[in-house]
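> I would like the atomic coordinates for the input below:
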Amino acid sequence: MAVRRSKKGEGGAPRWMTTFADLMAVLVVFFVMLYAFSTIDAEKYEQMADSLREVLGSTEVQEEVPAIPEPTVIDLEGRSPEPRTVEEPEPEPEYREQDEITEALREALQDELEQGLIDMAEDDAGILLRFEEQAAFEIGEKDLNVDFVPVLERVAEVLAETPGQIVIAGHTDDLPIRSERFRSNWDLSTARAVSVVHVMEDTGVEPARMRATGHADTRPLRPNVDAESRARNRRVDVLLMDADDADPGGGSTDIIEGDRGTNGPVPLDEAVPEADGTPDG
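Numbering: from 1, shown residues only. Just a heads-up that it's a prediction; the model follows:
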């Protein structure tokens with residue numbers, strides 16, 4: 001009678017499966033520990049440390065909870081995160097002292113000062129530039145004359161390199177105006193001041209430093225008794241003053257009248273116009 005022999009190894013798993021299963025178990029435990037450490041809180045960490053102290057005796061355990069780095073944001077659409085930009089410090093103004101500013105304006109406006117197109121005056125309160133209507137505007141218009149824009153740009157280039165507040169104030173005479181564009185002299189005076197602001201902003205003056213105001217005929221330099229006096233009163237004043245001394249009312253209008261034909265600044269206390277109604281000589 002023949003004896004049936006059983007095949008070797010039949011009825012059980014191969015030996016390598018035991019080793020592989022052990023390895024998988026170790027890996028699972030390893031990744032679970034990694035996850036646990038990544039989400040550990042201070043209270044649970046302290047409890048675990050106390051348990052380790054009891055088991056290990058004198059072995060030191062780290063007391064502080066390790067800092068977990070912030071996750072990196074990844075844009076799934078493929079765009080790289082924008083790098084953080086470091087703010088650069090604002091550049092220091094080139095002209096800080098009033099004497100330096102006055103000299104720079106005098107050099108930039110030498111021809112216009114000599115021709116009397118612009119008046120300039122100064123005192124401790126600041127520096128004032130006055131543009132009369134005949135140089136800067138057409139009668140009844142708010143837009144600057146094309147020939148005057150380069151002059152104003154030279155002024156703005158100097159003022160852009162200075163500290164302090166800049167008040168731009170428009171003025172008219174007492175003759176009423178009413179049109180589709182301007183309801184009154186208030187509208188016209190304010191629109192002219194804003195036109196000056198736009199040119200200065202485009203040339204580089206910081207907008208936060210400027211303030212535009214319109215005074216209509218409320219702050220005349222001369223009594224409005226004749227054509228020459230009224231022409232004097234139609235003007236735009238640009239006043240550079242310290243931030244601490246800036247007048248909330250914008251009041252450069254009752255300060256000065258520059259000495260026409262001179263090449264230097266006129267102190268404000270010497271430049272206040274007389275109110276006797278006599279025209280200038």
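> In a helix, Glu46, correct?
Yes - under DSSP: H, G, I helix; E, B strand; the rest coil, Glu46 sits within a helix.
> where do the helices sit along the chain?
Here the chain has its helices, by DSSP state H, at 15-38, 42-56, 98-108, 110-115, 133-136, 149-159, 185-203, 227-233, 268-271.
> Where does pLDDT dip in the stretch 1-150 of the chain?
1-12, 38-42, 57-91 (pLDDT under 70).
> what residues are up against the residue nearest to Ile166 when sequence neighbours are not counted?
Closest residue in space to Ile166, ignoring its immediate chain neighbours: Met210 at 4.8 Å, by Cβ to Cβ, 6 or more residues apart in numbering. Backbone N, C-alpha and C define where each C-beta goes, glycine included. For Met210, the contacting residues are Gln165, Ile166, Val167, Ile168, Val197, Met200, Glu201, by Cβ atoms under 8 Å, 6 or more residues apart in numbering.
> are any of those buried, and which?
Gln165, Ile166, Val167, Ile168, Val197, Met200 (16 or more other Cβ atoms under 10 Å).
> Who does the third one form a beta bridge with?
What that stands for is Val167. Bridge pairing for Val167 (DSSP bridges) gives the partners Arg211, Leu239.
> ok, it touching Leu239?
Yes - in this structure, Val167 is within contact of Leu239 by Cβ atoms under 8 Å, at 4.6 Å.
> Find the nearest non-adjacent residue to Glu133, please.
In space, and not counting its chain neighbours, Glu133 is closest to Arg234: 3.8 Å by Cβ to Cβ, 6+ apart.
> now Met241
Closest to Met241 by Cβ to Cβ, 6+ apart is Gly126, at 3.4 Å.
> what does Arg192 give?
In this structure, Arg192 finds its nearest non-sequential neighbour in Gly170, 4.1 Å apart by Cβ to Cβ, 6+ apart.
> What is the burial count for that neighbour?
Burial of Gly170 is recorded as 30 neighbouring residues (other Cβ atoms under 10 Å).
> Pretty sure it sits against Thr190.
Yes - between Gly170 and Thr190 there is a contact under Cβ under 8 Å: 5.9 Å.
> what do those two both touch?
Counting by Cβ under 8 Å, 6+ apart, the residues touching both Gly170 and Thr190 are Ala212, Thr213, Gly214.
> and Leu128, how many neighbours does it have?
Residues near Leu128, counting by other Cβ under 10 Å: 27.
> bridging residues for it?
Judged by DSSP bridges, the bridge partners of Leu128 are Ala121, Leu239.
> Next up, the contacts around Pro220.
Shown in contact with Pro220 (Cβ under 8 Å, 6+ apart): His171, Asp173, Asp174, Ser229, Asn233.
> now do 6 Å
Contacts for Pro220 were tallied using Cβ atoms under 6 Å, 6 or more residues apart in numbering; they are Asn233.
> Next one: it from Glu94, what distance?
Noted for Pro220: a distance of 36 Å to Glu94, by Cβ to Cβ, to the nearest Å.
> re earlier: could I get the buried ones among the contacts of Met210 as CSV with distance to Gly140?
Formatted as CSV, the buried ones among the contacts of Met210 follow (distance: Cβ to Cβ, whole Å):
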residue, distance to Gly140
Gln165, 30
Ile166, 26
Val167, 24
Ile168, 19
Val197, 20
Met200, 23
